[in-house]
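*Asks:* any chance you could fold what I've pasted below:
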Amino acid sequence: MSLASETSRRSAGTLKSLNTYPSQFFDLSSQYVPPSIKEMFRWCLYLYVTHSEIAPVINKKCAYVITDLLYESTKDGGAPAGKVVDTWKELLERTINIKKEEFKLLVDLEVYGNAFCSLFFPFERFLACPGCKLEKAARDIKWKYENHTFKAVCEACNKTGAFIARDKSVKNRRRIKIIRWFPQYIDIHYNPFTGRSAYIYRIPTWLKKRLSDHTQNKDLVEDTPLAFLQAIKDKKNIKFDPDNFYHFKNPGVSTEDEAFGLPPMLPIFKDAWLFQTYRRAQEAIAVDHILPMTLLIPQPPAGGASPHMSVNLNDWSSRMQSMIAKWRRDPNGIFTAPFPAQVEQIRGDAKALNVHQEMEQIRQMITGGLDVPQEFIYGGLNWTGSSISLRVLENLFLARISQLDTFLRDFVVPNLQRFCGLPQIVVRHSDFKMADDVQQKQLAMNLRQTSTISDRTTIEELGFDVEQENRRKSEEEEERVASMTRQMVAQAHAQGQAMVIQAEYQARAQIAAQVAAQQASLTAANNNPMSPAMTGMAMPGEAQPMPAEGGAKGGAKGGAKGGAKGGKGEQQMQPEISPGMLDSVVNNFLKAIPDDMKEQELARIRQTNPELGLQIQKRMKMIQQQGKSIKPLPEQKPPTSARTSSSSV
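*Replies:* Sure thing, here's the model as predicted:
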């Protein structure tokens with residue numbers, strides 16, 4: 001006897017008592033069994049949107065499993081060109097928002113056991129006049145959709161009536177979308193011999209009504225493909241193109257009809273019903289038993305007669321109510337009573353009747369039925385404390401990652417590549433790893449140090465984007481090199497300035513030393529009247545000294561001997577620098593002073609010692625002329641004469 005037949009018997013009144021079960025395997029929640037898979041979808045949706053335990057489990061399972069996308073070349077599995085990756089990343093992650101769509105599909109898969117989707121490629125609708133054949137875009141003319149036809153006025157021939165509609169594909173990547181289909185409206189024609197399925201979309205009634213109402217259907221009709229409009233007009237359903245339709249199917253036990261996958265929520269239906277029963281009980285306890293009711297009862301005195309024998313209890317009750325009202329206004333008030341009163345509490349026993357422990361047990365059963373440990377929802381789950389539970393959970397997530405990779409590899413990427421004309425690429429999700437799997441990460445670092453695995457594998461193992469890290473490393477390297485270059489240039493500039501200043505002051509020191517030596521020689525000549533400087537005679541090997549100015553009477557007369565005639569005053573003789581010393585000064589001057597500063601330094605020497613500056617300038621010119629007149633030595637030796645050659649032989 002099937003569950004459906006037992007349900008019909010129950011509804012027909014065959015089973016009279018609520019505690020009478022048709023089978024030992026039945027319970028109260030078995031009195032109703034969904035008659036079809038579509039009815040089961042309806043109850044799955046109801047539990048997901050109303051149950052406080054089911055929805056968080058499903059949402060966390062779907063969100064936690066989705067990882068970042070990795071882009072690889074189709075040839076050797078390496079990294080493709082940066083421009084190709086940027087194009088695919090823009091399309092998948094920004095235009096389509098593939099992670100969000102994958103989350104929605106996984107939610108459908110966890111709730112219904114099935115998820116259906118297809119790619120929407122943009123199109124542009126054109127309307128053509130049947131008379132003059134003028135065709136224009138629908139957005140450029142005024143039209144309305146009434147009685148399943150497009151009606152407009154032709155701008156060329158002014159004809160009013162039904163226009164011919166046609167949809168043209170538009171290569172606009174920004175308008176590509178992933179469309180989810182409600183499983184309630186999907187019929188599957190499944191062939192058990194070949195495993196092939198044909199997918200039929202039953203257009204819902206509410207959508208047909210909206211498309212048929214010309215007063216409010218303009219925006220909806222504008223974006224609806226003509227195939228759907230024609231199907232509504234012909235009162236037919238839509239058969240999906242198998243190349244543009246994907247079916248996520250929950251794997252499960254083989255059944256009579258394997259067209260649909262069984263919902264993962266099916267095993268927790270009875271637990272969810274029992275949880276709702278406990279919740280109803282908890283609600284009733286909270287309403288009726290949470291607050292106590294207080295009773296005041298007259299208490300007879302010890303050994304005395306009953307109070308109602310001598311006192312009107314109505315007056316006593318009114319007096320007690322008045323006392324309570326006054327006490328609420330004035331808690332410090334003092335009141336009197338003719339005899340004592342006894343206080344009794346009724347209800348207020350909600351804590352003793354609470355069923356929260358039973359509800360906690362049902363929570364654990366529900367989370368276990370959804371293949372996750374309870375700590376996955378309420379926290380406290382870690383790697384070291386629950387390694388077995390996490391391994392089981394990791395295997396479940398790895399299966400989901402494999403389904404998503406197949407979805408990208410076999411459906412999304414090929415269709416987008418064909419429509420957009422993009423280069424081939426392999427897109428997959430990064431490997432799923434537990435967030436606190438420190439041992440696995442440390443193992444990857446150790447293998448990298450021994451060059452067992454590559455840098456790319458190590459970076460991906462740690463959860464980072466390889467392309468982004470390489471790009472950032474290049475940018476940081478450029479900034480580091482530029483900073484080092486600036487520092488080295490500044491350091492070299494400072495060192496050059498220091499060397500120039502040092503050379504300048506060395507030249508000044510040498511010149512100062514030579515001037516001091518000349519002054520000392522002049523002083524010695526003044527003290528010795530017989531010195532060559534005083535007599536005007538040069539020492540052997542020295543140049544003839546130049547005469548100084550004459551005395552006050554005679555005046556100085558220049559001559560070869562520099563003698564002074566007729567004057568009694570002393571003559572101040574300025575000795576001439578020896579050629580050897582002059583050569584040394586000039587050589588030091590040429591070597592130590594830079595070319596661009598020689599004229600400036602020579603002008604400074606002329607100010608302090610004009611005669612010395614003039615002699616240095618003449619000596620510099622003479623050295624330069626001598627350097628120009630010197631001819632370079634021949635590179636080859638001159639040939640020897642024939643006589644010398646024969647005699648040498």
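*Asks:* distance from the helix or strand E101 falls within to the middle of the chain?
*Replies:* Counting by DSSP states H and E, the element that carries E101 is helix 98-112. Centroid separation for helix 98-112 versus its chain: 22 Å, with C-alpha atoms, centre = their mean, to the nearest Å.
*Asks:* list the buried residues of that helix.
*Replies:* Neighbour-count burial for helix 98-112 flags 98-99, 101-102, 105-112 (criterion: 16 or more other C-beta atoms under 10 Å). C-beta coordinates here come from the backbone N, C-alpha and C atoms, glycine included.
*Asks:* packing partners for that helix?
*Replies:* In terms of contacts (3 or more C-beta pairs under 8 Å, 6 or more residues apart in numbering; DSSP states H and E), helix 98-112 is packed against helix 37-50, helix 54-64, strand 114-120, strand 177-181, strand 246-249, helix 387-407.
*Asks:* how about those, which one is nearest K171?
*Replies:* K171 sits nearest to strand 114-120 of all these, at 14.0 Å, using C-beta to C-beta.
*Asks:* show me what the next helix or strand after the closest one is packed against.
*Replies:* The element immediately downstream of strand 114-120 (helix or strand, assigned by DSSP H and E) is strand 123-128. Using 3+ C-beta pairs under 8 Å, 6+ apart, the elements in contact with strand 123-128 are strand 135-137, strand 160-169.
*Asks:* residues in contact with strand 123-128?
*Replies:* Residues from elsewhere that reach strand 123-128, judged by C-beta atoms under 8 Å, 6 or more residues apart in numbering: 134-139, 141, 143, 150, 152, 163-170, 222, 225-226.
*Asks:* of these, keep whichever come out buried.
*Replies:* 134, 136, 138, 141, 143, 150, 152, 163, 165.
*Asks:* identify the residues contacting the second one.
*Replies:* Contacts were defined as C-beta under 8 Å, 6+ apart; by that measure K136 touches 126-127, 155.
*Asks:* point out where the stretch 251-400 of the chain drops to low pLDDT.
*Replies:* 301-305, 379-391 (pLDDT under 70).
*Asks:* could you count how many residues lie near V287?
*Replies:* Residues lying near V287 (other C-beta atoms under 10 Å) number 10.
*Asks:* where does it sit: helix, strand or coil?
*Replies:* When classified by DSSP: H, G, I helix; E, B strand; the rest coil, V287 comes out as helix.
*Asks:* against I186, how distant is it?
*Replies:* Separation of V287 from I186 (C-beta to C-beta, to the nearest Å): 43 Å.
*Asks:* same deal with G369?
*Replies:* Distance from G369 to I186, by C-beta to C-beta: 26 Å.
*Asks:* next one: K209
*Replies:* K209 sits at a distance of 20 Å from I186 (criterion: C-beta to C-beta).
*Asks:* compare the two (neighbour count), which wins?
*Replies:* Shown here are K209 and I186; by other C-beta under 10 Å, I186 has more neighbours (21 against 11).
*Asks:* mind listing what the closest residue to that one other than its chain neighbours touches?
*Replies:* The shortest distance from I186 to any non-neighbouring residue, by C-beta to C-beta, 6 or more residues apart in numbering, is to F116 (5.5 Å). By C-beta under 8 Å, 6+ apart, the residues touching F116 are 108, 180-181, 183, 186, 199, 245-248.
*Asks:* swap the cut-off to 10 Å and go again
*Replies:* 105, 108, 179-183, 185-186, 188, 199, 201, 240, 245-249 (C-beta atoms under 10 Å, 6 or more residues apart in numbering).
*Asks:* one more: R347?
*Replies:* R347 sits next to 288-293, 353 when contact means C-beta under 10 Å, 6+ apart.
*Asks:* mind checking which of these are in strands?
*Replies:* The strands, defined by DSSP state E, take in 292-293 from these.
*Asks:* pull out the buried residues from the contacts of R347.
*Replies:* For those, buried by 16+ other C-beta under 10 Å: H289.
*Asks:* okay, the contacts of R347 in a markdown table with distance to A509 next?
*Replies:* Below are those laid out as a markdown table (distance: C-beta to C-beta, whole Å):
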| residue | distance to A509 |
| --- | --- |
| D288 | 112 |
| H289 | 109 |
| I290 | 105 |
| L291 | 107 |
| P292 | 110 |
| M293 | 114 |
| L353 | 109 |
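*Asks:* out of the contacts of R347, flag the one nearest to A494.
*Replies:* Looking across the contacts of R347 and measuring by C-beta to C-beta, the closest to A494 is I290, at 84.5 Å.
*Asks:* the closest one and L296, how far apart?
*Replies:* In this view, I290 and L296 are 22 Å apart by C-beta to C-beta.
*Asks:* ok so, going back, from the buried residues of helix 98-112, which is closest to L612?
*Replies:* For those, the nearest to L612 is K99 (87.1 Å; C-beta to C-beta).
*Asks:* neighbours of the closest residue to that closest one other than its chain neighbours, just the number please.
*Replies:* Nearest residue to K99, sequence neighbours excluded (C-beta to C-beta, 6+ apart): I66, at 5.5 Å. Residues lying near I66 (other C-beta under 10 Å) number 19.
*Asks:* ok, I66 to F432 distance?
*Replies:* 9 Å.
*Asks:* list the residues that contact both of those two?
*Replies:* 397, 400-401.
*Asks:* out of those, who's the most crowded?
*Replies:* Going by other C-beta under 10 Å, R400 tops the shared contacts of I66 and F432 with 21 neighbours.
*Asks:* please look at it and F103 and confirm they touch.
*Replies:* No. Checked against C-beta atoms under 10 Å, the pair R400 and F103 is beyond contact range at 11.2 Å.
*Asks:* mind listing what I164 touches?
*Replies:* By C-beta under 10 Å, 6+ apart, the contact set of I164 is 126-130, 133, 135, 149-150.
*Asks:* and Q282, what element?
*Replies:* Assigned by DSSP H and E, Q282 belongs to helix 269-289.
*Asks:* and that helix, what's buried?
*Replies:* Neighbour-count burial for helix 269-289 flags 269, 271-275, 277-278, 282, 285, 289 (criterion: 16+ other C-beta under 10 Å).
*Asks:* need the buried residues of helix 98-112 in TSV (columns: distance to Q502).
*Replies:* Below are those laid out as TSV (distance: C-beta to C-beta, whole Å):
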residue	distance to Q502
I98	68
K99	67
E101	73
E102	72
L105	78
L106	76
V107	79
D108	82
L109	81
E110	81
V111	85
Y112	87
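*Asks:* a markdown table please, covering the residues you listed and showing pLDDT and distance to T50.
*Replies:* Supplementary listing: the buried residues of helix 98-112 in a markdown table, determined by pLDDT from 0 to 100; distance: C-beta to C-beta, whole Å:
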| residue | pLDDT | distance to T50 |
| --- | --- | --- |
| I98 | 95 | 30 |
| K99 | 94 | 27 |
| E101 | 95 | 25 |
| E102 | 95 | 25 |
| L105 | 96 | 22 |
| L106 | 95 | 20 |
| V107 | 96 | 15 |
| D108 | 96 | 17 |
| L109 | 95 | 20 |
| E110 | 94 | 16 |
| V111 | 95 | 12 |
| Y112 | 95 | 16 |
